[in-house]
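Enquirer: based on what follows, work out the 3D shape:
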Amino acid sequence: MSQTRDLQGGKAFGLLKAQQEERLNEINQQFLDDPKYSSDEDLPSKLEAFKKKYMEFDLNEDGDIMSLKRMMEKLGVPKTHLELKKLIMEVSSGSGETFSYSDFLKMMLGKRSAILKMILMYEEKAKEQEKPTGLPAKKAISELP
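Expert: Modelled structure (predicted):
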């Protein structure tokens, strides 16, 4: 009997997440050891941030379209199924149905700009901008629609 079958609900999920994080840490280490990325400033902290972002959206670690769909919706830029397939084709080395964590890292660390990379970068900036508070400025009658 498998170890996860004995656990229920949250404990099983926690174990799966821990196993996923361990696998992603191994992939991060491959990138840290890769001379191609050795000149990248602050690589360890970038990899850690990317790992957290990937784990947040890829709940079952299969890199499927639904994971990407959740990510895009949460970022406030929902995409159609076709747009998502196109995006996956741009970042993945596979069929266009899935993207791996390695594909995700290559995209985020790569020189060419991908749609998802820009969205994730600007998501952080968007969080920093405050929405105006208080009452809107008064308008003259002539300014009304």
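
Enquirer: and the pLDDT at the residue nearest to Lys51 when sequence neighbours are not counted?
Expert: Across the structure, with CB to CB, 6 or more residues apart in numbering as the measure, the residue nearest Lys51 apart from its sequence neighbours is Leu24 (4.9 Å). Where you see a C-beta, it was placed from the backbone N, CA and C, and this is true even at glycine. pLDDT, Leu24: 92.

Enquirer: what's the answer for Gln29, then?
Expert: Gln29 carries a pLDDT score of 94 in this model.

Enquirer: tally of neighbours for it?
Expert: If you count neighbours by other CB atoms under 10 Å, Gln29 ends up with 11.

Enquirer: and the next element down the chain from the helix or strand hosting it?
Expert: Secondary structure from DSSP states H and E places Gln29 in helix 9-33. Following the chain from helix 9-33 toward its C-terminal end, the next helix or strand by DSSP H and E is helix 43-57.

Enquirer: burial count for the residue nearest to Lys51?
Expert: Neighbour count of Leu24, defined by other CB under 10 Å: 23.

Enquirer: wait, doesn't it sit right on Lys52?
Expert: No. Contact between Leu24 and Lys52 fails when scored by CB atoms under 8 Å: they sit 9.4 Å apart.

Enquirer: for the residue nearest to Lys51, give me its contacts.
Expert: Leu24 makes contact with Lys51, Tyr54, Met55, Tyr101, according to CB atoms under 8 Å, 6 or more residues apart in numbering.

Enquirer: can you count the residues close to the third one?
Expert: A count of neighbours around Met55, defined by other CB under 10 Å, yields 15.

Enquirer: what about Leu32, distance to Leu75?
Expert: When CB to CB, to the nearest Å is the yardstick, Leu32 and Leu75 sit 27 Å from each other.

Enquirer: show me which of those two is the more surrounded one.
Expert: Residue environment comparison for Leu32 versus Leu75 gives the larger neighbour count to Leu75, 16 against 13, counting by other CB under 10 Å.

Enquirer: so the more buried one versus Ser45, what's the distance?
Expert: Looking at Leu75 against Ser45, where the rule is CB to CB, the gap reads 21 Å.

Enquirer: in the chain, where is pLDDT below threshold?
Expert: In the predicted model, the chain carries pLDDT under 70 at residues 1-9, 59-61, 93-96, 111-134, 136, 145.
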